[in-house]
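Asker: turn this into a model:
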Amino acid sequence: MPHISRATRPIVRSAAVATVVATALAAGLLAASSAASADEVRVHDIQGTTRLSPLNGQQVTDVTGIVTGVRSYGSKGFWIQDPKADADPATSEGVFVYTGSAALTVKTGDAVRVSGTVSEYVPGGADSGNQSLTQLTRPTVTVESSGNALPAPVTVDAKKVPSVYAPDGDPANGSSINALPLEPRSYALDLYESLEGMNVRVGTSRVVGATDPYSELWITVKPHENADRRGGTVYGSYSAQNTGRLQIQQLAPVSEQPFPKANVGDVLSGGAEGPLDFNQFGGYTLTARTLGKVTDKGLEREKTRRQAKSELAVATYNVENLDPTDPQKKFDALAGAVVSNLASPDIVALEEIQDDNGAKNDGTVSAEATLKKFTDAIVAAGGPRYEWRSIDPENNKDGGEPGGNIRQVFLFNPERVSFTDRGDGNATTATDVVASSSGGRAELTLSPGRIDPANSAWADSRKPLAGEFGFRGRTVFVVANHFGSKGGDEGLTSHHQPPVRSSEKKRVRQAEAVNSFVRDVRKVHKSADVVVLGDVNDFEFSATTKALEAGSALKSAVKSLPRSERYSYVYQGNSQVLDQILTSPGVGGAGDFSYDSVHINAEFAEQNSDHDPQVLRFRP
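Answerer: Numbers count the residues shown, from 1 in each chain. Alright, predicted model coming up:
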C-alpha cells in the first residue's frame, strides 16, 4: 500500500506506460494465440476467463456493443457492453475502447461495431506491478443506431463481494495471478476483474476516503467491515484488505459538473452508476455516469485533553512540506491545531519542515525562517512561545522534494521543559550514549544529535534526531523520526499476490538502527525514559514496528488503543497507522500513560496536512 505523493500525478497515457504486456508473454503468463477466427468475436471472447485477453495483440472486426460511457479527458475513449451475455460469470461483457487524441464520435446509448487491436494496458507501466486493463486500440467505429437502452447495471453490494481479497499468486509465474482462472464468487479482485468495463452500480454507501484534489473519493459497500466510530474502514493486517472499498470518479469533466466534497463518514446518497475502470491510483474504479449526492454527517475535528501539571505531553506532527512560501493561512491552521486540537504539548516533534525557501534548489539548508514563522503563528493562536532545536541536513541528501531539505525539528515549551544542549551536532556526526560523570545515568554526547547518520540505511532519507529533555527533575530522551516512504511498493490490487513491499527492507534497517540506539541508552540506565516518535511510514503490525520493538526495547503506544481507533492516515479508503509513538519500558511498562491519535486531517477533504498528529501523556 504505497504512501506516494501524487502532486504530479499523470492522467494521460504515454508511450512509456502504454505497454501491451510483452513481459507477460515472455514469462508464460499469457499464451500467444494464432490469428483471430473469422467467426464473430464478442466482448466476452476478448475478455476471456483470466486477467489477460486470449486475443491480446490480434485484430478483431465488428465487435458489437452499446456505449455505456464516454470519457473526454485524461485517457480518452469509451466503453461498450454486449447486451447478450454468455453464461460464464468469469467473462466480462464490457471493454474500453481507447481513442487517444482521435475525436470522440459516439455518445452513450449508441449501438456500435468496433474494429481494432486487442491490447493489455498496464497503468503506471509494467514495473508498477499493476494489473492490466484489456482494451481495443486504433479503433474504427461504426454507429448503427442511437438512443438505445443501456445494459442493466450489475449491483455491487455486500452480498456480492467475497470476504477474501485475492487468491495467492502462482509461484511458477512469479506469484502473479494474471494467468489464474477468475473465481468471482471466491475473491473480491476476481469479482471486480470479471466486471471490468461493464456497467455497474453501487447503492447508497458510506464514504471511507475523503474527496481528494483529483476529484475522487472512496466508498464501502460493506458498512460493517472493520468500521471505526468515525465512519472509516480500518486496515488492521496484511490479510484484511477490506474488500468492500471502491474508488468513485465521474465521467463528466469537473469543469462541466463539480465533483462533490465528502469527508469520511459522509454518505453518498443514491450511490453511483457507470463503467468499471482500472487505473494506476486506486485500481478498480467506478467511473460514474450518474452520481448521487453527498449527505454531510457532520464529522468534527478532534481535540485532545490538556496534560495535567505532572504529566509530560509529547506529540508528533507531519506538517507536509512546510516552508515560508506557503500561504499564511496554512501556518495559521497548523498553529491553531497545535494550540486548540493538541492542547499545546510540552514537546512537539515536527516532520517535513522544509528549508527557508522551500523547493527552490539553490543550496539553502537553514530552516530558521520556517520555524520562526510557525512558532510566531502558534503564539498568535494563543499558544506558548516554543523554542526549537534541529540539525540542518546536507543539501539534497535526506530525500523528499528536491531542494526542500525536509528535516525533523523539536519544539518545546521552556516554561514546562528544559532542553540539554550538549556539543555541536551536525549532519554527519553521530551522537553517542555515555554514562554521566556522577554515574548511573545516561547522557548524549551531542544533544541535539543525529543517530548513526553514516549508516547506509539513511541514504536519501531523513536521519533520526535525538535530544535530551528535562521535566520535573527527570531526564527524558526523545528521538524524532521520518522513515523512508512506501514509494515503489505495489498496491493492494497488484497482479502479484501478496503484493511486493520493496520499500520495507530499508525501513526495517532504519528501525534496527534506532532500536540499537535505545538499547545503548538502556545499557547505561535501564529505567531511562525514552520516547521514539514520528512518521514511521509503516503499520503497527509491520516488520518495521517489530524491529523497533525488538528485545522489548520499545513498545508501540498506538497498540494501547482499541483496534478500531488505530489510524493516523487514510489511503485508498483504508484508515491506517503511519505515525507512531513508541516508549521504553520505563515509560509504559505499567501502562501508566495515555495515548491519543487526534483526527484532524486524514479524514477530511480540506486538509492542512495528510497526517493526523499523535499525543502521548505520561509521568516521568
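
Asker: all contacts plus neighbour counts: C-alpha atoms, from now on.
Answerer: Will do.

Asker: what about stretch 522-539, distance to the chain center?
Answerer: Offset of stretch 522-539 from its chain centre (CA atoms, centre = their mean, to the nearest Å): 25 Å.

Asker: did I read that right, Ala480 in a strand?
Answerer: Yes: assessed by DSSP: H, G, I helix; E, B strand; the rest coil, Ala480 belongs to a strand.

Asker: surely it is in contact with Glu352?
Answerer: No: applying CA atoms under 8 Å as the test, Ala480 and Glu352 come out as separate, 11.5 Å apart.

Asker: report the backbone C-alpha coordinates of stretch 290-305 in CSV.
Answerer: Taking C-alpha atoms only, stretch 290-305 is exported to CSV below (Å, rounded to 0.1, in the frame of the first residue of the first chain):
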residue,chain,number,x,y,z
THR,A,290,-24.7,9.2,-12.7
LEU,A,291,-23.6,10.2,-9.2
GLY,A,292,-25.7,10.7,-6.1
LYS,A,293,-25.5,13.5,-3.6
VAL,A,294,-23.3,13.6,-0.6
THR,A,295,-25.1,13.7,2.7
ASP,A,296,-22.9,15.5,5.3
LYS,A,297,-22.8,13.6,8.6
GLY,A,298,-21.0,16.4,10.4
LEU,A,299,-17.6,14.8,11.1
GLU,A,300,-15.7,17.1,13.5
ARG,A,301,-12.0,17.6,14.1
GLU,A,302,-11.0,16.1,17.4
LYS,A,303,-9.5,17.9,20.4
THR,A,304,-7.3,16.1,22.9
ARG,A,305,-7.3,16.9,26.6
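
Asker: average pLDDT for it?
Answerer: Averaged across stretch 290-305, pLDDT comes to 98.

Asker: cool, and stretch 319-335?
Answerer: For stretch 319-335, mean pLDDT rounds to 98.

Asker: likewise stretch 596-603?
Answerer: Mean per-residue pLDDT for stretch 596-603: 98.

Asker: got the contact list for that stretch?
Answerer: Among residues not part of stretch 596-603, those counted as contacts by CA atoms under 8 Å, 6 or more residues apart in numbering are 209-210, 232, 263-264, 300-304, 341-342, 558, 565-570, 607-616.

Asker: anything in contact with each of Ala480 and Glu352?
Answerer: Jointly contacting Ala480 and Glu352 under the rule CA under 8 Å, 6+ apart are Gln408.

Asker: neighbour count winner among the two?
Answerer: Neighbour count, other CA atoms under 10 Å: between Ala480 and Glu352, Ala480 has more, with 28 against 23.

Asker: which stretches of the stretch 101-250 of the chain form helices?
Answerer: With DSSP state H, counting those that start in this stretch as the criterion, the stretch 101-250 of the chain has helices at 188-194.

Asker: point out where it drops to low pLDDT.
Answerer: Across the stretch 101-250 of the chain, nothing is flagged by pLDDT under 70.

Asker: ok, Ala442 to Gln572 distance?
Answerer: The gap separating Ala442 from Gln572 is 44 Å, by CA to CA, to the nearest Å.

Asker: ChimeraX command for the buried members of the contacts of stretch 596-603?
Answerer: A single ChimeraX command selects the buried members of these (16 or more other CA atoms under 10 Å):
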select :209,210,232,263,264,302,303,304,341,342,558,565,566,567,568,569,570,607,608,609,610,611,612,613,614,615,616
